[in-house]
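# Sharing a sequence plus its predicted fold:
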Amino acid sequence: MESGDGDGDARGSCVGSDAMDVDSGLLGVVGVAEDFAEATIDADVASQDEDASDQRHPLSQTQATVTEVQQYAAADADVEAMEIYDHLAFHHAGSCTRLDGLEISSRALRRENHVSFDALCAFLEPLYYKKYGLPGKNAQYAFDFGLAVLLTYYGNGCGQDGDGIGGAAAQLGMSRPVASRYIAKLEELLLEMKDDVIYFPPSDASDEWSELADGFAARNADFPDVACIFDGTLVRTQRPKDFQGFYDKSGKPSYNCLAAIDYRYKFRYLGVFSGSNSDQSMWNQSAVLGAHARELCPPGINWLGDAGVKPWPFLMVPFDERGGKRLTAKQRCYNYHLSQTRILVECVFGKLKPRFKTLHGVTDRKKHNTNARMITAAAVLHNLLIDIGDKQFKVKRNAAQKAKDRQDSRRVMHAFNEGWDRTQAEIDLALAKRNAYADRFYENDHE
């Protein structure tokens, strides 16, 4: 499961969802509010009964309020999401319960003020009802309770490190089945939005790429012309039924996630792979990166990676110190300046996992699709909140076996994609470019 395709005008084609563009913040909620208002009015007109108007569902009693939202949105296209939410807020009525200021003890919510939660609720609520329809007359909980149980579950963690879905449900006074349904539906909604939230700009969008590079420069990045930084991180899980290939280097079942971030700490790419994959293996298998990255990254833009990935003309990586290699003074200087900029991606993982504790401990779900959906949904929430403002299985192999395994792997990748490997010209250009940067940094530091 991947997000981050930026080919052409479409912001992501891995899944091809019709989700709205959310990169510009929350302004797009105006149009969704209008669609939601029309759907609500149509539903009310079909079931309108003048003699029993007081017995209607609380959602039906807001026809005048929703019409007011239409007029208000048309009059001011720059209306803030909080104001729209105030108009769409269906307060406690009948059997439909809303939060209305209830304090929620959740790591995910404590790190966001109530304004951020209300804005996130205002943005997702119309999309939720547009996808799943309006709630029935016997609905016990409104949308904000569903969003709260999702954030409580993500924030408090699961398994030995947290309460899990049952604990989140008990904390909000709802049953576990109801909480599970809300969590699954919201995760599906966030998954559909991923290609509009996590994406690379098109290769011909020079203004967007320049903005990313200028953003890193404004943060006093040592490395020039950087637009994205790549790194991988492990997410622990319970042992799945088809566990082969899902053990990481320490012998624990996990997923390996390859991510790219920009200067705003936002994800620009996210790929979820089995834990046995290395960074280079994830790069090669990616439907967005690998050989496809030639056409994705424009000239004059640099991506940064770690020593686990091979250098490309557009992907700068440090000189490898593993295996007892001794680096020259120029190479150490180059590595220092690259690391000064690349450390930002570690900061993003350091913010993501403490906020969403389900990714920090051991997940309480065993299905691969469910875990990948949860990881992706957490990354989408991370981006939305930024826009809002706010050794057991170790086997020793001899040199001959390593060489054979390497050749087998290359044959498999060649059958999968003939253009997966770098050409000799690309290798020479990448190494020459890296050496030129090393000379430049060394000269600047020793003037």
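The structure has been received and is ready for your questions. Residues are numbered from 1 along each chain as shown.
# Got the phi and psi for Tyr141?
phi -130, psi 140 (degrees, to the nearest 10).
# For it, give the beta-bridge partners.
For Tyr141, the residues forming beta bridges with it (DSSP bridges) are Thr97.
# And the pLDDT at it?
On the pLDDT scale, Tyr141 is placed at 82.
# Kindly report the same for Lys252.
83.
# Surely it touches Gln238?
No: taking contacts as Cβ atoms under 8 Å, Lys252 lies outside contact range of Gln238: 10.3 Å. For every residue, glycine as well, the C-beta is placed using N, CA and C.
# Can you report how many residues lie near Ser440?
Just to correct that, residue 440 is Arg rather than Ser. 15 (other Cβ atoms under 10 Å).
# Revised request: answer the last question for Ala403.
Counted with other Cβ under 10 Å, Ala403 comes out at 11.
# which element is it on?
Ala403 is located in helix 399-416, with elements delineated by DSSP states H and E.
# show me where the stretch 301-447 of the chain has strands.
302-304, 315-316, 362-363 (DSSP state E, counting those that start in this stretch).
# Would you format those strands as JSON lines with distance to Ser339 included?
Below are the strands of the stretch 301-447 of the chain laid out as JSON lines (distance: least, Cβ to Cβ, whole Å):
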{"stretch": "strand 302-304", "distance to Ser339": "9"}
{"stretch": "strand 315-316", "distance to Ser339": "11"}
{"stretch": "strand 362-363", "distance to Ser339": "30"}
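# Return the most buried member of those.
strand 302-304 (a mean of 23; mean count of other Cβ atoms under 10 Å).
# Name the strands paired with that one and say parallel or antiparallel.
strand 226-237 (parallel), strand 315-316 (parallel).
# so what's the nearest residue to Lys241 once chain neighbours are set aside up against?
Nearest residue to Lys241, sequence neighbours excluded (Cβ to Cβ, 6 or more residues apart in numbering): Lys366, at 6.9 Å. By Cβ atoms under 8 Å, 6 or more residues apart in numbering, Lys366 lies in contact with Thr237, Gln238, Arg239, Pro240, Lys241.
# before we move on, back to that, right, and the strands paired with strand 302-304 - which one's nearest Leu120?
In terms of Cβ to Cβ, the element of those nearest to Leu120 is strand 226-237, at 22.9 Å.
# ok so, going back, PyMOL command for the buried members of the contacts of Lys366?
This is how PyMOL selects the buried members of the contacts of Lys366, with burial counted by 16 or more other Cβ atoms under 10 Å:
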select buried, resi 237+240
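# Can you tell me which of the contacts of Lys366 is closest to Arg294?
Thr237 (33.4 Å).
# Distance of the closest residue to the closest one other than its chain neighbours relative to Arg239?
By the measure of Cβ to Cβ, 6+ apart, the closest residue to Thr237 outside its immediate chain neighbours is Thr363, 4.6 Å from it. Distance of Thr363 to Arg239, given as Cβ to Cβ, to the nearest Å: 11 Å.
# again with Arg176
Distance from Arg176 to Arg239, by Cβ to Cβ: 23 Å.
# Restrict the helix or strand hosting Trp283 to CA atoms and write it as CSV.
Here Trp283, judged by DSSP H and E, is contained in helix 279-285. This file holds the C-alpha atoms of helix 279-285, laid out as CSV (Å, rounded to 0.1, in the frame of the first residue of the first chain):
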residue,chain,number,x,y,z
ASP,A,279,15.4,0.4,2.4
GLN,A,280,16.8,-0.5,-1.0
SER,A,281,14.4,-3.3,-1.4
MET,A,282,11.4,-1.0,-0.6
TRP,A,283,12.8,1.6,-3.1
ASN,A,284,13.1,-1.1,-5.8
GLN,A,285,9.6,-2.5,-5.3
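# and that helix, which residues are buried?
For helix 279-285, by 16+ other Cβ under 10 Å, it's Asp279, Ser281, Met282, Trp283, Asn284, Gln285.
# ok, so what distance separates the fifth one from Gly308?
Noted for Asn284: a distance of 12 Å to Gly308, by Cβ to Cβ.
# How about the last one?
The span separating Gln285 from Gly308 equals 14 Å under the rule Cβ to Cβ.
# circling back: possible to save the strands of the stretch 301-447 of the chain as a markdown table with mean pLDDT and distance to Leu344?
Shown next, in a markdown table, are the strands of the stretch 301-447 of the chain (pLDDT from 0 to 100; distance: least, Cβ to Cβ, whole Å):
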| stretch | mean pLDDT | distance to Leu344 |
| --- | --- | --- |
| strand 302-304 | 90 | 9 |
| strand 315-316 | 89 | 14 |
| strand 362-363 | 72 | 26 |
